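Student: generate a structure from the sequence data that follows.
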Amino acid sequence: MTQTDADVLVLGGGHAGAEAAAAAARLGCAVVLVTLRADHIGRLSCNPAVGGLAKGCLVREVDAMGGLMARVADRSTLQFRRLNTRKGLAVQASRAQVDIHRYPKALQAELAAFPNLTVVQGEATGILVDGGRCVGLQLADGRELRALATVLTTGTFLGGVLHRGRTQEPGGRVGERVSGALSQSLSAHGVRLGRLKTGTPPRVDVNSLDLDQLTVQAETVPPGTAGFSFGPRGPALPQHDCWITYTTPVTHQLIRDALGDSPLFSGAITGRGPRYCPSVEDKVTRFPERERHQLFLEPEGIDTPRVYLNGLSTSLPPDVQNAVVHSIPGLQRARILQPGYAVEYDFADPRDLGPDLQHSRLPGLFLAGQINGTTGYEEAAAQGLIAGASAALGKPVIVGRDEGYIGVLIDDLITRGVGGEPYRMFSSRAEHRLLLREDNADRRLSAKARALGLLGDHAWTRFQDKLAHIALADAWCRSRTFKPDAATRAQMTALGVSVPKNKVTAAGLLLRPEMSWARLGQLAADRPQVAADVAEQVCTDIKYAAYLDRARARADRTRQMAEVAIPDDFEFARPGVSHEVAEKLAAARPSTLAAAARIPGVTPAAIDLLALVLARRTPSSGVPRV
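Tutor: Purely as a prediction, here's the structure:
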């Protein structure tokens with residue numbers, strides 16, 4: 001390859017790398033994706049599952065912006081579940097168990113369809129810097145690859161070390177080598193690195209399980225929602241059961257007796273793991289009063305007997321893992337096909353990045369995925385899409401906190417950092433979560449994606465058709481009336497619907513908790529025939545109108561705060577602001593009032609006072625009261 005080998009150079013073939021490369025390719029750039037093994041692109045290193053609480057929303061947002069993850073997941077789903085269906089829309093979520101072999105093959109096929117995307121096998125040992133700008137990568141075999149922009153998506157392979165008991169070996173994933181020299185190169189060029197840890201549980205042979213002792217975990221899917229993508233879905237794979245079991249007091253005692261051999265407790269691991277996805281050693285130690293912990297047994301694929309023991313992440317020695325597994329109901333005769341292990345790896349402080357995920361000290365260098373301290377395929381994919389698109393366009397692609405979980409994720413990373421543990425997305429992190437639902441991800445982000453050039457013609461036409469059907473159905477609901485005459489009274493009584501005293505519109509009826517689109521059709525033969533996702537949007541818009549209006553008003557106020565700049569010389573220490581809060585603000589030096597409000601420990605009262613001070617400094621600023 002010659003002087004400029006690509007417009008965008010992507011290192012890493014995981015979820016972040018795949019989305020970054022695809023986004024840049026969709027925008028017409030010449031893209032080179034560098035990976036240790038081309039046949040391992042898109043591999044599911046941990047649980048073969050996509051989505052979950054808040055994560056499912058990220059998947060749909062990536063899809064709404066033209067990304068790959070949703071389509072690939074839908075093609076390889078073994079079981080699809082809808083979580084929190086008894087709770088409000090803001091916290092409902094989708095999760096799919098996917099085939100561990102079919103998922104990467106489908107992802108590789110998506111990437112292969114781009115004629116302007118080239119895959120290069122090789123190990124990166126350093127970044128190339130010229131005039132203070134990153135201009136490419138140095139490979140172990142001596143090759144230099146140069147590009148206008150470079151996106152690093154190294155996952156757990158950056159200085160990765162695998163731990164099982166007292167045994168350690170280099171690696172970012174079992175059986176695969178790791179990049180150590182790249183960490184040294186990044187540090188030498190001013191990239192601040194830290195250390196984090198993640199882990200994975202044993203995999204067991206399904207044929208060795210006593211399924212009669214396990215509880216089947218059935219699918220929970222409302223009609224019309226069995227998938228992530230907003231686009232058409234192909235034929236589904238045969239669906240598989242997942243199962244539930246529990247640890248026992250014997251399990252816990254075996255773990256306590258072996259803590260001396262655990263790298264988490266012996267001091268061998270210095271990086272901190274995810275608090276909300278702890279190892280079983282952590283759970284047993286932190287919750288000694290608990291007699292059992294729930295485990296989910298999840299099949300890894302159609303053509304493999306491997307079952308993932310979700311909830312039993314561990315780095316204990318293999319012989320201890322064997323005893324632990326055999327102490328669990330249904331697993332007394334289980335054969336372990338792959339013991340669990342912990343991975344310790346380097347990450348870069350994301351507070352050094354801009355909203356486009358470009359490094360502030362090294363223009364041309366973008367970071368996405370676990371290198372930024374996050375955990376999870378979905379968080380990685382979302383970052384990859386933004387980094388790849390921004391690198392391709394040469395300008396930041398920004399999703400606001402009120403526009404998507406993608407915006408919440410990136411804003412949290414670049415303003416707060418990871419707080420000493422891997423960052424995981426939760427719905428509680430989003431202050432506008434009622435607006436940021438899975439069902440409306442396309443309505444929030446597809447127009448933005450189209451304007452950027454990320455969304456193709458077919459997807460855009462399909463979206464426009466959906467909007468037209470929503471408008472048609474909504475107009476019918478607001479104009480169609482029902483009079484409480486004898487015929488209507490009889491119909492409603494038969495359906496168990498209370499009869500209104502006065503004339504009411506279909507929209508008025510939908511405000512009732514017991515009313516649904518299907519019931520409305522039983523009352524009115526002229527009800528428009530629309531797709532399930534269209535009906536869901538219409539009903540949601542009508543039923544939650546008052547709540548959504550309040551949420552939008554709050555988002556507007558937050559947006560105004562984001563436009564209020566805080567001068568570089570602003571003194572945070574002043575009467576009414578506690579010493580602790582002033583120190584936090586002074587250390588972070590937020591550029592806007594909204595950024596200040598998001599710093600952990602900064603109280604609404606302090607923000608209110610700062611708003612007043614800023615308004616006095618600039619009387620015409622229009623600083624909102626919070």
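
Student: what's the burial count for Ala553?
Tutor: 10 (other Cβ atoms under 10 Å). C-beta: built from backbone N, CA, C; applies to glycine.

Student: check the one 5 residues further on too.
Tutor: Here the neighbour count serves as a burial measure; for Thr558 (other Cβ under 10 Å) it reads 20.

Student: which strands or helices does the strand or helix carrying it pack on?
Tutor: Using DSSP states H and E, Thr558 sits within helix 545-562. If you count contacts as 3 or more Cβ pairs under 8 Å, 6 or more residues apart in numbering; DSSP states H and E, helix 545-562 packs onto helix 593-597.

Student: so for the following helix or strand past the helix it packs on, what's the average pLDDT?
Tutor: Moving toward the C-terminus from helix 593-597, the next helix or strand (DSSP H and E) is helix 604-617. Helix 604-617 comes out with an average pLDDT of 80.

Student: how close does the closest residue in space to Ser279 that isn't next to it in sequence get to Asp141?
Tutor: Setting aside the residues directly before and after it, Ser279 is nearest to Ser313 in space (Cβ to Cβ, 6 or more residues apart in numbering), at 4.7 Å. Relative to Asp141, Ser313 is positioned 36 Å away (Cβ to Cβ, to the nearest Å).

Student: repeat that for Cys134.
Tutor: For Cys134 relative to Asp141 (Cβ to Cβ), the value is 20 Å.

Student: quick one, which of those two is more surrounded?
Tutor: Cys134 (25 against 9).

Student: what's across from that one in the sheet?
Tutor: Cys134 forms beta bridges with Val129, as assigned by DSSP bridges.

Student: ok, it to Ser45 distance?
Tutor: 26 Å.

Student: roughly how far apart are Lys105 and Thr35?
Tutor: For Lys105 relative to Thr35 (Cβ to Cβ), the value is 15 Å.

Student: what does Pro274 give?
Tutor: 25 Å.

Student: give me the more crowded residue out of those two.
Tutor: Thr35 (25 against 20).

Student: correct me if wrong: the more buried one contacts Val119.
Tutor: Yes: the criterion here is Cβ atoms under 8 Å, and Thr35 meets it with Val119 at 6.6 Å.

Student: helices of the stretch 151-300 of the chain, start to end?
Tutor: 181-188, 249-257, 263-266, 280-286 (DSSP state H, counting those that start in this stretch).

Student: ok, of those helices, where does mean pLDDT dip lowest?
Tutor: Taking the mean pLDDT of the helices of the stretch 151-300 of the chain, helix 263-266 comes last: a mean of 86.

Student: quickly list the domain ranges of the chain.
Tutor: With domains defined by automatic domain parsing, the chain comprises 203-342, 457-548, 563-617.

Student: would a markdown table of those domains with distance to Ala20 be doable?
Tutor: Formatted as a markdown table, these follow (distance: least, Cβ to Cβ, whole Å):
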| stretch | distance to Ala20 |
| --- | --- |
| domain 203-342 | 19 |
| domain 457-548 | 19 |
| domain 563-617 | 26 |
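
Student: so which of the ones you listed comes closest to Arg424?
Tutor: domain 203-342 (5.7 Å; Cβ to Cβ).

Student: so what's the gap between the closest one and the chain middle?
Tutor: 21 Å (Cα atoms, centre = their mean, to the nearest Å).

Student: end to end, how far does it reach?
Tutor: Separation of the first and last residues of domain 203-342 by Cα to Cα, to the nearest Å is 14 Å.

Student: before we move on, what about stretch 394-413?
Tutor: Stretch 394-413 end-to-end distance (Cα to Cα) = 21 Å.

Student: return the set of buried residues in it.
Tutor: Within stretch 394-413, the residues scored as buried using 16 or more other Cβ atoms under 10 Å are 397-413.

Student: just after the helix or strand hosting Pro104, pick out the following helix or strand.
Tutor: Element membership for Pro104, per DSSP H and E: helix 102-112. Next along the chain after helix 102-112, taking DSSP H and E as the criterion, comes strand 117-121.

Student: what angle separates that following strand from helix 102-112?
Tutor: Strand 117-121 runs at 120 degrees relative to helix 102-112, counting by axes from the mean of the first three to the mean of the last three Cα atoms, to 10 degrees.

Student: point out where this structure drops to low pLDDT.
Tutor: For the chain, applying pLDDT under 70 flags the ranges 1-3, 219-225, 276, 618-626.

Student: repeat the analysis, applying 50 as the threshold.
Tutor: Residue ranges of the chain with pLDDT under 50: 1-2, 625-626.

Student: quick check: the most far-flung residue of it relative to its centre vs Arg480, distance?
Tutor: For the chain, the residue at maximal distance from the C-alpha centroid (Cα atoms, centre = their mean) is Ala486, at 52.5 Å. Applying Cβ to Cβ, the value for Ala486 to Arg480 is 19 Å.

Student: could I have stretch 467-486 exported to CSV, CA atoms only?
Tutor: Provided in CSV are the C-alpha atoms of stretch 467-486 (Å, rounded to 0.1, in the frame of the first residue of the first chain):
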residue,chain,number,x,y,z
LEU,A,467,-44.8,8.3,9.1
ALA,A,468,-47.6,8.7,6.6
HIS,A,469,-49.5,5.8,8.1
ILE,A,470,-49.0,7.1,11.6
ALA,A,471,-50.4,10.5,10.5
LEU,A,472,-53.3,8.8,8.8
ALA,A,473,-54.2,6.7,11.8
ASP,A,474,-53.7,9.5,14.3
ALA,A,475,-56.0,11.8,12.2
TRP,A,476,-58.7,9.1,12.2
CYS,A,477,-58.4,8.7,16.0
ARG,A,478,-58.9,12.4,16.5
SER,A,479,-61.8,12.8,14.1
ARG,A,480,-63.7,9.5,14.5
THR,A,481,-66.5,9.9,17.1
PHE,A,482,-68.6,7.5,19.0
LYS,A,483,-72.1,8.5,20.3
PRO,A,484,-73.5,6.7,23.4
ASP,A,485,-76.5,5.4,21.4
ALA,A,486,-78.0,2.0,21.9
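
Student: in the top helix by length along the chain, what's buried?
Tutor: Counting residues, the longest helix in the chain under DSSP state H turns out to be helix 457-479. Using 16+ other Cβ under 10 Å as the test for burial, helix 457-479 gives 459, 462-463, 466, 469-470, 473-474, 476-477.

Student: what residues does it touch?
Tutor: With contacts defined as Cβ atoms under 8 Å, 6 or more residues apart in numbering, helix 457-479 is touched by 66, 230-231, 442-443, 446, 450, 455, 505-507, 510, 520, 526-528, 530-531, 533-535, 537-538, 541-542.
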